[in-house]
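> sequence unknown, structure follows:
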């Protein structure tokens, strides 16, 4: 038999504090944040494309 103490099992609270466990609410928040970032990115790309076309047409004229 070994004399070394066994490692204690982690509690739910300690796992949440150590970010080793994801809750459903955290996952939903993360998904919504990614969707919002994607929407902002799409809007910024569309804005840049509109402005680039205007600038390019001015140069040609």
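Arrived safely, thanks for sending. All figures in this text were calculated on a predicted structure; none of them were measured in a lab. Residues are numbered from 1 along each chain as shown.

> tell me where this protein has helices.
Counting by DSSP state H, the segments of the chain that form helices are 12-17, 24-60.

> just the buried positions in the first one, please.
Neighbour-count burial for helix 12-17, with 16 or more other C-beta atoms under 10 Å as criterion, is recorded at no position. Quick note: C-beta positions are derived from backbone N, CA and C, even for glycine.

> next: the last one.
If you call a residue buried by 16+ other C-beta under 10 Å, then helix 24-60 has no buried ones at all.

> hey, which helix or strand in the protein has the poorest pLDDT?
Least confident helix or strand, the chain: helix 12-17 with a mean of 77, by mean pLDDT, DSSP states H and E.

> by contact count, what packs against it?
For helix 12-17, there is no helix or strand it packs on, judged by 3 or more C-beta pairs under 8 Å, 6 or more residues apart in numbering; DSSP states H and E.

> and it, how far out from the chain's middle?
Relative to its chain's centre, helix 12-17 lies at 21 Å (C-alpha atoms, centre = their mean, to the nearest Å).

> return the member of the helices of the chain having the minimum mean pLDDT.
Mean pLDDT is lowest for helix 12-17 among those, at a mean of 77.

> that older thread, between the helices of the chain, which gets nearest to residue 5?
Residue 5 lies closest, by C-beta to C-beta, to one member of these: helix 12-17, at 17.3 Å.

> re earlier: Throw the helices of the chain into CSV and include distance to residue 5, thanks.
As requested, the helices of the chain are exported to CSV (distance: least, C-beta to C-beta, whole Å):
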stretch, distance to residue 5
helix 12-17, 17
helix 24-60, 33
